[in-house]
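> Would you be able to build a 3D model of this:
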Amino acid sequence: MRLMVTGGAGFIGSAVVRRAIAAGDEVLNVDKLTYAANPDNVAMVADNALYRFAKNDICDLAAMSALMNEFKPDAVMNLAAETHVDRSIDGPGAFIQTNIIGTYALLEAARGYVGNGGAPAQFRFHHISTDEVYGSLGPTGEFTETSPYQPNSPYSAAKASSDMLARAWRETFGLPVIVTNCSNNYGPYQFPEKLIPVVIIAALEGRDIPIYGKGANIRDWLHVEDHADALLLVAREGKPGEIYNVGGRAERTNLDLVKMICAVLDGELSTSPHAPHESLIKFVTDRPGHDQRYAINCDKIERELGWTPAHTIEQGMRDTVKWYLGNRGWWEKIRKRGFDVAKRQGLKT
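Have a look, this model is predicted:
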């Protein structure tokens, strides 16, 4: 396939790019290269003849139209987004701009691409979203593709808005749109402001490991490579007009997840002066509007497309910890750009 992937230098987007190239797909990676994007994430495919890169903002309708009409993709996979909840609380404007206005521009560009006869018959606009649009669950139940939207943060509200735009462009203009909603991702190349790399790096350096509230919030964890495989399968075989939820079937409380990571670190760094690393845990003031529990029911994608997650949370987390330990240069380079979670949160350094 010829895939136009937006946000392809980010965490999930780069996993899609790497696996698409490995599968023999031709990829145009469109990325603005904001703070969370990293060319190093796709450096291993940068010289591949199947790979192209365009530094553009998805909000630029003219640029998106030109790229689609020139590259002539079989599918547009929209992974470009502002995604960090804490940042959306501090400054929601960027989330409105990228997640809503950017999605609008892409949808309009795709509508023109289809309307002028340039798109192939099998063209799909694949919009990638999150389970956070559904809001928060109680102790039981799971999100399904028909769950009502009840976003509770500026981030999830902006993503919910973009999902509704995708739906409207399908219903009103007949654009062949598919939406996927995923659970929390983890794995290699995740920007170190997210929970798992924060924990690994803090423990490695003997810093406080911050956990919001009492760590009782529950998330379903999905390995990023499993997610990328699901997204590429949907781009190839998904039915336009459908929604597919993608989950890892791996619910854990934040506290249990952090303790799991600490146990892996204890085994990998048996001579560390900071072991047992669990002793570094520090509970911090909970963030506003913190959803209690997410859980994804992914029966539909398993039943209709044959996808299942390949990683268990235990093996996936061991592999992820080992990756961060073995790729210190990757995240130290990011910190040299001025990023430091511990200083932002006022924790011991």
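
> Next one: G338 relative to K32, how far apart?
As for G338, its distance to K32 is 19 Å (criterion: Cβ to Cβ, to the nearest Å). For glycine as for every other residue, the C-beta is placed from the backbone atoms N, C-alpha and C.

> what's the spacing between stretch 78-89 and its chain's center?
Centroid separation between stretch 78-89 and its chain, computed with Cα atoms, centre = their mean, to the nearest Å, is 9 Å.

> How far does it stretch from one end to the other?
Terminal residues of stretch 78-89 are spaced 23 Å apart (Cα to Cα, to the nearest Å).

> Could you list the buried residues of that stretch?
Within stretch 78-89, the residues scored as buried using 16 or more other Cβ atoms under 10 Å are N78, L79, A80, A81, E82, T83, V85, D86, R87, S88.

> show me what contacts the third one?
With Cβ atoms under 8 Å, 6 or more residues apart in numbering as the criterion, the residues that contact A80 are T6, G7, G10, G13, V30, D31, K32, I58, T98, G102.

> Leaving out sequence neighbours, find the closest residue to the last one.
The shortest distance from G102 to any residue other than its chain neighbours is 3.9 Å, reached at I58 (Cβ to Cβ, 6 or more residues apart in numbering).

> shouldn't that neighbour be in contact with K32?
Yes: I58 is within contact range of K32, at 7.2 Å (criterion: Cβ atoms under 8 Å).

> higher neighbour count, those two?
The neighbour comparison of I58 against K32 (other Cβ atoms under 10 Å) goes to I58, with 26 against 17.

> for the stretch 101-250 of the chain, what spans make up the helices?
For the stretch 101-250 of the chain, applying DSSP state H, counting those that start in this stretch gives helices covering 102-115, 154-173, 195-205, 224-237.

> before we move on, back to that, just checking, which of the buried residues of stretch 78-89 belong to helices?
Those of the buried residues of stretch 78-89 mapping onto helices are V85, D86, R87, S88, per DSSP state H.

> Columns distance to R52 and pLDDT on top of these, output as a markdown table?
Shown next, in a markdown table, are those (distance: Cβ to Cβ, whole Å; pLDDT from 0 to 100):
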| residue | distance to R52 | pLDDT |
| --- | --- | --- |
| V85 | 32 | 91 |
| D86 | 33 | 90 |
| R87 | 29 | 93 |
| S88 | 31 | 94 |
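
> Between those residues, which sits nearest V17?
R87 (23.5 Å; Cβ to Cβ).

> Can you give me every residue that contacts that closest one?
By Cβ under 8 Å, 6+ apart, the contact set of R87 is A94, F95, Y155, E193.

> Could you do H127 as well?
Contacts of H127 (Cβ under 8 Å, 6+ apart): N78, T103, S162, D163, A166, V177, I178, V179, T180.

> For the nearest residue to it once chain neighbours are set aside, give its distance to A275.
Nearest residue to H127, sequence neighbours excluded (Cβ to Cβ, 6+ apart): A166, at 4.3 Å. Separation of A166 from A275 (Cβ to Cβ): 47 Å.

> residues contacting the residue lying closest to K194 once chain neighbours are set aside?
With Cβ to Cβ, 6+ apart as the criterion, K194 has its nearest non-adjacent residue at 7.3 Å, and that residue is H84. Neighbour list for H84: A36, Y155, E193, K194 [criterion: Cβ under 8 Å, 6+ apart].
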